[in-house]
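In: I would like the atomic coordinates for the input below:
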Amino acid sequence: MFDSPFVSTKNLSIGYSKKKPLFKNLDLQLFPSSLTIITGENGVGKSTLLKTFVKILKPLDGDVCFNGKNLETISQKQLSQIVSVVLTDKLSSENLTVFDVISFGRTPYTGFWGHLSAFDEKIIRSVALELKIDGLLEKKISEISDGQKQKALIAKALVQQTEIIILDEPTAYLDFSAKEEIFSLLKKIAVEKNCAVLVSTHDIFSSLRYSDFIWAFSQGNVCAGKTNDIVLSNPMFKNISFNSQNGEIVIR
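Out: Next up is the predicted model:
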């Protein structure tokens, strides 16, 4: 049983034109201690929803609420202490160290000049140790593997100390074992940190093993619910069988 949602939408319409919204009347919920995945074809509107959640785009209609507070009334600074985002964009400078990258997550708390306090540094090193990348802190981001880079970006989100973490295609360039490791880590973070973790992904096979909920996007329609219910009922997953007893996923 999950608690009250951290995020809820009511009659939400998203897109770039009120005359032609990508989706209308979305009623979605993000729960604490849960991993939710968004899946669907490229261009269907997954990124548009994520951009709406972080105020890059305004809702065309309806409401997005964070702990019952309407998103429109939340400032960008307040939002940065509620939601952290991990995007697929490449880092702007490969000369940054892993420590530098993780430290950017403390920006909402460091003030105008961005000076790290001893407390900030303690949080950074503690999270790096937790994610087992503490030995990489002084390495340049260009010197580590793609899987390690993704862990550094997840660490950046964790030091931001938010209750909601949004990730866009976090396993896009990883091999199978690294994908499994990242989704296992995200599930662990959701449970142990009491976070709502939302992941946009095409990696159905790995993500289904660890997700609690799915938002399945197709043209003009979103089917949302518990993972096993959606896999069993949605035609999008017709080639996938799911054993709810042991969590085994089989692609036929």
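In: which residue ranges of this protein form helices?
Out: With DSSP state H as the definition, the chain shows helices at residue ranges 46-53, 76-80, 98-103, 107-110, 118-130, 146-159, 176-192, 204-210, 227-233.
In: which ones are touching the residue lying closest to Phe217 once chain neighbours are set aside?
Out: Using C-beta to C-beta, 6 or more residues apart in numbering and skipping residues adjacent in sequence, the residue nearest Phe217 is Gly40, 3.1 Å away. (Each C-beta comes from the backbone N, C-alpha and C, glycine too.) By C-beta atoms under 8 Å, 6 or more residues apart in numbering, the residues touching Gly40 are Lys46, Ala216, Phe217, Ser218, Met236.
In: run a quick neighbour tally on the fourth one.
Out: Put plainly, it is Ser218. As a burial measure, Ser218 scores 15 neighbours (other C-beta atoms under 10 Å).
In: again with the second one
Out: Using other C-beta under 10 Å, Ala216 has 22 other residues around it.
In: what bridges to it?
Out: Thr39, Cys223 (DSSP bridges).
In: how close does it sit to Asn11?
Out: 20 Å (C-beta to C-beta, to the nearest Å).
In: just the third one next, same as before
Out: The gap separating Phe217 from Asn11 is 17 Å, by C-beta to C-beta.
In: for the residue nearest in space to the middle of the chain, give me its contacts.
Out: Nearest to the mean C-alpha position of the chain, by C-alpha atoms, centre = their mean, lies Ile166 at 2.4 Å. For Ile166, the contact set (C-beta under 8 Å, 6+ apart) comprises Leu50, Phe53, Val54, Val83, Ser84, Val85, Val86, Leu198, Val199.
In: show me what it is bridged to.
Out: Counting by DSSP bridges, Ile166 is bridged to Val85, Leu198.
In: ok, it to Leu50 distance?
Out: Noted for Ile166: a distance of 6 Å to Leu50, by C-beta to C-beta.
In: what residues are shared contacts of these two?
Out: Val85, Leu198.
In: what's the burial count for Val191?
Out: 15.
In: my guess is it meets Ser184, correct?
Out: No: using C-beta atoms under 8 Å, Val191 is not in contact with Ser184, being 11.1 Å away.
In: would TSV of the contacts of Gly40 with pLDDT and distance to Phe99 be doable?
Out: Listed next are these as TSV, based on pLDDT from 0 to 100; distance: C-beta to C-beta, whole Å:
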residue	pLDDT	distance to Phe99
Lys46	89	32
Ala216	90	38
Phe217	89	37
Ser218	84	42
Met236	70	41
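In: nearest spatial neighbour of Asp3, skipping sequence neighbours?
Out: Pro32 (5.4 Å).
In: contact partners for that neighbour?
Out: So Pro32 contacts Phe2, Asp3, Pro5, Phe6, Glu163, Asn194, Cys195, Ala196 (C-beta under 8 Å, 6+ apart).
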